[in-house]
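[1] what shape does this take:
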Amino acid sequence: MAGKIPRSFIDDLLARTDIVDLIDGKVGLKKAGKDYQACCPFHNEKSPSFTVSQDKQFYHCFGCGAHGNAISFMMEFEKLEFVDAIEELAGMLNLDVPRENGSNQGPRVSTEQKRSDYELMMHVAKFYQHQLKHHANSSQVIEYLKGRGLSGETAKQFMIGYAPNEWDSVCNTFAKNQDSKKQLLELKLASEKSAGRQFDFFRDRLMFPIRDKRGRVIAFGGRVMNSDDNGPKYLNSPETRIFHKGFELYGLYEAKQANKKLEQILVVEGYMDVVALAEKGINYAVAALGTATTPEHIHTLFRTTDRIICCYDGDRAGRDAAWRALENALPYLNHGKALEFVFLPDGEDPDSLVQKEGREAFELRYDDATDFSAYLFDRLAQEINLTTDAGKSKLLQQALPLIEKVPSDFYQENLLEKLARLIGRTRAQLQKKINTPKQQQGLVKKFKITPMRRAIGLLLQHPELASEVPFQPELAQMDVPGIKLFIQLQQSALDKQITTAQLLEQFRESAEYAPLAKLASWQHQVNQDSLVSEFQSTFNFIEDQCLNLRLESLLIKEKTQGLSKAEKQEYSLLTLALKGR
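    The predicted model follows:
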């Protein structure tokens, strides 16, 4: 695993990125006073409630509540992970993303090297596309595609191509010098049995380019067209510096291009399944790349849609694949997320079935999909005799650790209810056995602005206020809620010129991020001319609270243990200070 991205680089990246230019290039903004407005890109609306502040380098939607900095926008708008969003922003500025040294850190790949890799992979994909129409075998390949029910339009959409049967077509075309020969080997486009003697990795195969979430070709899948071929039916690119199969899904980029909003995503097992379904208008299918559905796949899918339907063969292998997907999905089943399973008749796969029955009949199968909770207990109970106490005890032992992984309290309670019925217990009895802390129930209370939140909110939105009150790190020792956070924010703002976006980014991985994000978009209604005095008076109130707390603790100690000479002097000074307020 690569080392972490240094905090200093993230701060610098946010300083160099103008959020107004970034969002304007993707959404289109209009000036509205000192801020900018647009219709929110994250929900449908007719009048604009999405605002972008150049001063704060922060966006906020008053309609749906979306908010954040440039990194957050890239993550939500482009559906990128945190590191991908950093790399995308850095690429726009032609910056390399540095990594802190780690014990498992591999060789660092420069932005220039990655750009070169992506360019080469795209060139090779287009080479395969060209061969599909112009190679001596092209008529046979095209007939094969037609026989599989695929149109030229679908082949173009998925960039399907043909790897010639010659040993060195790609090598002869792209290996211009020693550096390019090395790059072909490193990207697994070529193989080498002896030094200097290279040959193509893919030969005489139908080629499926694998694209990442940004549409860049990162790998290939090759399928034989002749059943008599002695090689593997599917041959996938091995992992490289730009391809990690456990993180990528075939067809996800194409699905996002075809759908403005993905209401659901169908997870299938093969490239041909994805392409055949798209041909029939089911353009929301994806496939794992020769591996089980991983936690990273599930995380990516649930960032893109609220409903995942896993469609597998009904045989033992298909049900085992479904169980692995279920186990990996449990920690991501938050409120509103749905995971369902469709098992196909014996001998059928999505490709063959959609050819026989068409889109409407195939999609009707979703109506009979098995919910994840039903499948969980069906699977666990398969080899357990629930008429005996031993069987019920075994089911309890196996089910509870799985239920504990589910973050949604609604889903967790539902699973406990089903388990309780199966073993003859009540949900309340089982609830006591759950080790994970129960999530808060009921409606979220209105965000109340206390003096401490007011001070933190003003400081967060106007970091220049940090120098308007004394910096007293000793106050962090007081048992006053929020004072440590206030001191931390003040210190960051005093160290250098900093924006709201940069201050907030420092807390992305902490529990304080969510409340700070709310305060960053809080409408404080304080006039610019009164900002300093308002902040100072709020700080004075908090300081008095801290001083009074300290005074009380000294008074209690004086009555119980007595005070030292230094403590008596401190007591006198605190009394005078509070009287002088």
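[2] tell me which helix or strand of this protein sits lowest on mean pLDDT?
    Within the chain, no helix or strand scores below helix 565-579, which has a mean of 65 by mean pLDDT, DSSP states H and E.
[3] now do the helix ranked longest in the chain: which elements does it pack against?
    The helix spanning the most residues in the chain, taking DSSP state H as the definition, is helix 531-560. On a contact count with 3 or more C-beta pairs under 8 Å, 6 or more residues apart in numbering; DSSP states H and E, helix 531-560 meets helix 451-461, helix 483-495, helix 565-579. In this view, the C-beta of every residue, glycine as well, is placed from N, C-alpha and C.
[4] Three-state assignment for residue 421, please.
    Secondary structure, DSSP: H, G, I helix; E, B strand; the rest coil: residue 421 is helix.
[5] now do the same for it: its pLDDT.
    At residue 421, the predicted lDDT confidence score is 91.
[6] any idea how far it lies from residue 430?
    11 Å (C-beta to C-beta, to the nearest Å).
[7] neighbour count winner among those two?
    Shown here are residue 421 and residue 430; by other C-beta atoms under 10 Å, residue 430 has more neighbours (20 against 12).
[8] hey, C-alpha coordinates of the host helix or strand of the more buried one in PDB?
    Taking DSSP states H and E as the definition, residue 430 sits inside helix 427-431. What follows is helix 427-431, C-alpha atoms only, in PDB (Å, rounded to 0.1, in the frame of the first residue of the first chain):
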ATOM      1  CA  ARG A 427     -35.500  -9.000  19.800                       C
ATOM      2  CA  ALA A 428     -34.900  -7.300  23.100                       C
ATOM      3  CA  GLN A 429     -33.100 -10.400  24.400                       C
ATOM      4  CA  LEU A 430     -30.900 -10.500  21.300                       C
ATOM      5  CA  GLN A 431     -30.200  -6.800  21.300                       C
END
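[9] local confidence estimate at residue 318?
    On pLDDT, residue 318 comes in at 86.
[10] repeat for residue 160
    Confidence score, pLDDT, at residue 160: 97.
[11] ok, the one 4 residues further on next?
    Residue 164 carries a pLDDT value of 95.
[12] centroid residue for the protein?
    residue 81 (4.2 Å; C-alpha atoms, centre = their mean).
[13] for that residue, give its distance to residue 271.
    Counting by C-beta to C-beta - residue 81 and residue 271 are separated by 24 Å.
[14] got it, and residue 155?
    12 Å.
[15] measure how buried the closest residue to residue 92 other than its chain neighbours is and give me the count.
    Of all residues not flanking residue 92 in the chain, residue 17 sits nearest, at 7.6 Å (C-beta to C-beta, 6 or more residues apart in numbering). Per other C-beta under 10 Å, the neighbour tally for residue 17 reads 21.
[16] wait, isn't residue 17 in contact with residue 89?
    Yes - counting by C-beta atoms under 8 Å, residue 17 touches residue 89, with 5.6 Å between them.
[17] quick check: neighbours shared by the two?
    residue 70 (C-beta atoms under 8 Å, 6 or more residues apart in numbering).
[18] mean confidence (pLDDT) on the one helix or strand residue 75 maps to, please.
    Per DSSP H and E, residue 75 falls inside helix 70-77. The average pLDDT within helix 70-77 is 90.
[19] one more: stretch 550-560?
    Rounded mean pLDDT across stretch 550-560 is 70.
[20] still on that earlier bit, for residue 177, which of the helices and strands packed on helix 531-560 is the nearest?
    helix 483-495 (48.4 Å; C-beta to C-beta).
[21] quick one: contacts of whichever helix or strand comes after the closest one?
    Sequence-wise, the next helix or strand downstream of helix 483-495 (DSSP H and E) is helix 500-505. With C-beta under 8 Å, 6+ apart as the test, helix 500-505 has contacts from 10-11, 14-15, 19, 53, 55-58, 68-71, 460-461, 463, 489, 492-493, 513, 516-517, 520.
[22] comparing the helices and strands packed on helix 531-560, which comes out most buried?
    Most buried of the helices and strands packed on helix 531-560 by mean neighbour count (mean count of other C-beta atoms under 10 Å) is helix 451-461; its value is a mean of 23.
[23] what angle do that one and helix 483-495 make?
    20 degrees (axes from the mean of the first three to the mean of the last three C-alpha atoms, to 10 degrees).
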